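Asks: The following comprises the amino acid sequence and a computationally predicted model.
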Amino acid sequence: MAASINDPRRHVRYHPERVGDVSSTDYPGHYPGEDHSWNYTKWKKNLVVRVQRLSDASIEFDLVGVDASIANALRRILIAEIPTIAIDPVFVWQNTSVVHDEVFAHRLGLVPLAINPHRLHYKGDDAALDSNTVVFKLHVRCERNFKAAKGETDPEKLYFNSNIYSRDLVWSPQGSQEKTLGSPPKPANPNILLAKLRPGQEVEIEMHAVKGISSLHAKWSPVATASYRLLPHIIIREPIPSEHAEKFKNCFAPGVIEIREEGGEKKVEVVNPRKETMSREVLRHDEFEGKVELTRIRDFFMFKIESTGCYPPADLFSESISVMREKIGVMKAEVEKLKAMAEGGGDEAMT
Amino acid sequence: MEFPPVYVPGSPKITILSGASSDLAAATYCLHHETHTLGNALRWMIMKNPKVEFCGYSVPHPSEPKIHLRIQMYDSLSSLDALLEALNNLDELFATIGEAYTTSLNDDTYESFEE
């Protein structure tokens, strides 16, 4: 189970005009006579990972008992280093719409695709093969609808194909892709508006979707947002007088504080600190001075991850962990090589 | 193994910068194609080692994909050993977080909803 939330060493303190005790101090040698060296068993006993909410597009969970550097590494990987598939080269055969070729190409690149990235290789400088490229085609021509009522002004009734949506992308299977890719590739959301057309305008485009990571271009990001907050923790040092209870409650976000009646006296109680926005309004009023302390828990990370649709939201965090472990694995192998070289008495390692 | 396009297989991943002591008790390493993601996590884990006198990292320039990691050891111990130990510990740490997450996802009760 996690350490006590009341441990003052876990508190990041909110003062009226600054934030204090931000950095972690649990390093060997920081507190005399205390052992803060890495202890896996002790750390594991304190670790809590708890899913709070899960939907078809997002997940919220708590990660408690790790340093900010660890939580932040995972957040950074979620945003920039989990591979996904996105349209990269675009071949415009015909485009008489008002959207310029390069703008259209950019819009197509940003369409999130529901393709399992594990089933494709990185293309790199290789030729486009069925093992590294998914081909989509788009061919839309706008025509007049002669059956439209006279005086009609709605373009959708007046014309056919006046809008191009992401659902108009047609997957063109290459080689054995129908077997190897699993479920048929398609845009994660069918209703993304790509361009508008008027009668006579035509768009014919071929697109190649390849595997990539978001540190190269944000279109490969698997998340809309991936962020964390620290858990707010409100400490009431002295009882709040009955006549100030309402005012006290109103200093916080709705649902954070509740008032209980006890023998005609109003008593305040912190019921849901998660909802607090840390506005610090309570610190502006003299009647509450010294009675309340606003803090956050330094190692209590409340993650919220929103998927773009490439991965199910529940899989994203596990993916970030495997990316991190692969990074560590690569580095470990290289350090071992360097160590063998250094022990061989060579200065070759020095550059 | 497969690498994302930002990593060039075959290019050196880690080098020792000039100025390191010959027993490697104090050395600055250059980690190529790495960022704050690994740098800060590694720095934290190395600092958890009581045999380490000092550890810090920097990104020398934002458009160069590399980080510098400085390690100084007590008792002339090897900083390479501390680095390797930290990498092993980090791997164990992330594996455990992953297991705990999967366990929570499978066993805990939580609110499920459609957006």
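Replies: Perfect, thanks for sending it. Numbers count the residues shown, from 1 in each chain, chains lettered A, B, ... in the order given.
Asks: Please name the nearest non-neighbouring residue to residue A:16.
Replies: Closest residue in space to residue A:16, ignoring its immediate chain neighbours: residue A:283 at 4.6 Å, by Cβ to Cβ, 6 or more residues apart in numbering or on different chains. In short, each C-beta sits where N, CA and C put it, glycine included.
Asks: Distance-wise, check that neighbour relative to residue A:14.
Replies: Noted for residue A:283: a distance of 8 Å to residue A:14, by Cβ to Cβ, to the nearest Å.
Asks: Name the residue in the two with the higher neighbour count.
Replies: residue A:14 (22 against 16; other Cβ atoms under 10 Å in any protein chain shown).
Asks: Now for that one: which residues touch it?
Replies: Residue A:14 makes contact with A:20, A:278, A:280, A:283, A:294, A:295, A:296 under the criterion Cβ atoms under 8 Å, 6 or more residues apart in numbering or on different chains.
Asks: per-residue confidence at the residue nearest to residue A:16?
Replies: Looking at residue A:283, its pLDDT is 96.
Asks: cool, and residue B:78?
Replies: With respect to pLDDT, residue B:78 scores 94.
Asks: Count the neighbours of it for me.
Replies: 18.
Asks: and the residue nearest in space to the middle of chain B, which of the three is it?
Replies: Centroid-nearest residue in chain B: residue B:42, 3.1 Å away (criterion: Cα atoms, centre = their mean). When classified by DSSP: H, G, I helix; E, B strand; the rest coil, residue B:42 comes out as helix.
Asks: for the residue nearest to it when sequence neighbours are not counted, what are its contacts?
Replies: Once flanking residues are discounted, residue B:42 sits nearest to residue B:86: 5.9 Å by Cβ to Cβ, 6+ apart. Neighbour list for residue B:86: B:42, B:45, B:46, B:48, B:49 [criterion: Cβ under 8 Å, 6+ apart].
Asks: could you dump those residues to CSV with pLDDT?
Replies: Formatted as CSV, the contacts of residue B:86 follow (pLDDT from 0 to 100):
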residue, pLDDT
B:42, 97
B:45, 97
B:46, 97
B:48, 96
B:49, 96
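Asks: Near the residue in the stretch 101-250 of chain A that chain B sits nearest to, how many other residues are there?
Replies: Nearest residue of the stretch 101-250 of chain A to chain B: residue A:213, at 4.6 Å (Cβ to the nearest Cβ). Using other Cβ under 10 Å, residue A:213 is surrounded by 22 other residues.
Asks: next one: residue A:257
Replies: Residue A:257 has 25 neighbours, counted by other Cβ under 10 Å.
Asks: Residue A:49 now?
Replies: If you count neighbours by other Cβ under 10 Å, residue A:49 ends up with 24.
Asks: who touches residue B:28 in this structure?
Replies: B:16, B:17, B:19, B:20, B:68, B:69, B:70, B:71.
Asks: Determine which two of those residues are furthest apart.
Replies: The distance between the two most remote of those (Cβ to Cβ) is 13.7 Å, for B:19 and B:69.
Asks: Tell me which of the two has more neighbours.
Replies: The residue with more neighbours, out of residue B:19 and residue B:69, is residue B:69; 23 against 9, by other Cβ under 10 Å.
Asks: Helices of chain B, residue ranges please.
Replies: Under the criterion DSSP state H, helices of chain B are mapped to B:36-47, B:79-107.
Asks: do the stretch 101-250 of chain A as well
Replies: Taking DSSP state H, counting those that start in this stretch as the test, the helices found in the stretch 101-250 of chain A are A:101-109, A:155-158, A:177-180, A:245-250.
Asks: Could you dump those into TSV and include mean pLDDT?
Replies: Formatted as TSV, the helices of the stretch 101-250 of chain A follow (pLDDT from 0 to 100):
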stretch	mean pLDDT
helix A:101-109	97
helix A:155-158	94
helix A:177-180	92
helix A:245-250	96
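Asks: export those helices to CSV and tack on mean neighbour count and distance to residue A:36?
Replies: Below are the helices of the stretch 101-250 of chain A laid out as CSV (neighbours: other Cβ atoms under 10 Å in any protein chain shown; distance: least, Cβ to Cβ, whole Å):
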stretch, mean neighbour count, distance to residue A:36
helix A:101-109, 17, 47
helix A:155-158, 14, 66
helix A:177-180, 13, 50
helix A:245-250, 16, 38
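Asks: can you put these in a markdown table and add distance to chain B?
Replies: Formatted as a markdown table, the helices of the stretch 101-250 of chain A follow (distance: least, Cβ to the nearest Cβ, whole Å):
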| stretch | distance to chain B |
| --- | --- |
| helix A:101-109 | 15 |
| helix A:155-158 | 26 |
| helix A:177-180 | 16 |
| helix A:245-250 | 25 |
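Asks: can you list the weak-confidence ranges in the stretch 1-150 of chain A?
Replies: Counting by pLDDT under 70, the ranges of the stretch 1-150 of chain A that qualify are A:1-2.
Asks: And chain B, by the same measure?
Replies: Within chain B, the ranges that satisfy pLDDT under 70 run B:1-3.
Asks: quick one: contacts for the residue nearest to residue A:16?
Replies: A:14, A:15, A:16, A:292, A:294.
Asks: next one: phi and psi at residue A:64?
Replies: Dihedral pair for residue A:64: phi -120, psi 130, per degrees, to the nearest 10.
Asks: where's it relative to residue A:185, distance?
Replies: Remark: distance between residue A:64 and residue A:185 (Cβ to Cβ) = 38 Å.
Asks: ok, now residue A:211?
Replies: 12 Å.
Asks: More neighbours: which of those two?
Replies: residue A:211 (25 against 22).
Asks: Pretty sure that one sits against residue A:82.
Replies: No - using Cβ atoms under 8 Å, residue A:211 makes no contact with residue A:82, being 10.9 Å away.
Asks: For the closest residue in space to residue A:126 that isn't next to it in sequence, which residues are in contact?
Replies: In this structure, residue A:126 finds its nearest non-sequential neighbour in residue A:132, 6.3 Å apart by Cβ to Cβ, 6+ apart. Contacts for residue A:132 were tallied using Cβ under 8 Å, 6+ apart; they are A:120, A:121, A:122, A:123, A:126, A:210, A:211.
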